[in-house]
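Asker: what's the 3D shape of this:
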Amino acid sequence: MFLGTHAPRLDEKGRLFLPAKFRDELAAGLVITKGQERCLYVFPTIEFGRLTEALRTSPVTHKGLRDYSRVFFASASDEIPDRQGRITIPTALREYAGLSRDCAVIGANTRVEIWDAAAWDTYLTAQEPAFSELGEEVLPGVL
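Answerer: Numbers count the residues shown, from 1 in each chain. A predicted model of the protein is given here:
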C-alpha cells in the first residue's frame, strides 16, 4: 500500500527519485503509464500484471474497454529503479503530465501517482471541499 505525498524534483535527464518509503516495493520493477487527470500511474510490476489480467478477461466487444486499453498499454513503460532509487520518465509521459521540475508523488493505495506540483495543488484545492460529501457515496457504511 502506498501512502502520503512527497515532493521530489525531476533532473535535467528526466529522472525522478522515488520516495524512500516506496522504493522497496518498486525495486523489482514498475510500470509507468498515463493516468486520469493528466497524472502518471506507477504500478509495481506484480500489480500491473493483475490489472492486465483483469482487462484481458473483459469483453473486447466493449468499445470503452478497447479505447482505454489502447491508450493505457501503448503509453506504458517498464522501468527498474537505479541503485539510487531513481527512475527515468519517458519524454512522452513527461509531456502528457506536464512535468517540468517540481513534482508531487502521491501514494494512491495500490499505485503511485506522479503529478506536476502545481497541477496537484490545483486538483487538491478543487477536490477537498467535496471530500467529506463523497465519503457516503464512495464508502457507504464503511466510515
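Asker: where in the protein is pLDDT low?
Answerer: Residue ranges of the chain with pLDDT under 70: 135-136, 138-143.
Asker: residues of stretch 80-99 that come out buried?
Answerer: Buried residues in stretch 80-99, counted by 16 or more other Cβ atoms under 10 Å: 81, 85-89, 93-94, 96-97, 99. Where you see a C-beta, it was placed from the backbone N, CA and C, and this is true even at glycine.
Asker: Show the contacting residues for the residue lying closest to residue 23 once chain neighbours are set aside.
Answerer: Excluding the flanking residues, the one nearest residue 23 by Cβ to Cβ, 6 or more residues apart in numbering is residue 85, at 4.7 Å. Counting by Cβ atoms under 8 Å, 6 or more residues apart in numbering, residue 85 touches 17-18, 20, 23.
Asker: ok, and the most crowded of the residues you listed?
Answerer: Compared across those, residue 18 has the highest neighbour count, 24 neighbours, by other Cβ atoms under 10 Å.
Asker: how about it, what does it touch?
Answerer: 8, 26, 81, 85-87, 105, 112.
Asker: What backbone torsions are found at it?
Answerer: Dihedral angles of residue 18 (phi, psi; degrees, to the nearest 10) stand at phi -70, psi 140.
Asker: swap in residue 42?
Answerer: Dihedral pair for residue 42: phi -120, psi 120, per degrees, to the nearest 10.
Asker: Compute the number of surrounding residues for it.
Answerer: Using other Cβ under 10 Å, residue 42 is surrounded by 26 other residues.
Asker: thought it was touching residue 112?
Answerer: Yes: taking contacts as Cβ atoms under 8 Å, residue 42 lies within contact range of residue 112: 4.0 Å.
Asker: Overlap in contacts, the two.
Answerer: Common neighbours of residue 42 and residue 112, using Cβ under 8 Å, 6+ apart, are residue 26.
Asker: Among the buried residues of stretch 80-99, which ones are in strands?
Answerer: Counting by DSSP state E, the buried residues of stretch 80-99 place 86-88 in strands.
Asker: so which of the residues you listed comes closest to residue 50?
Answerer: When those are compared for distance to residue 50 (Cβ to Cβ), residue 87 wins out at 20.4 Å.
Asker: Good, we can wrap up now.
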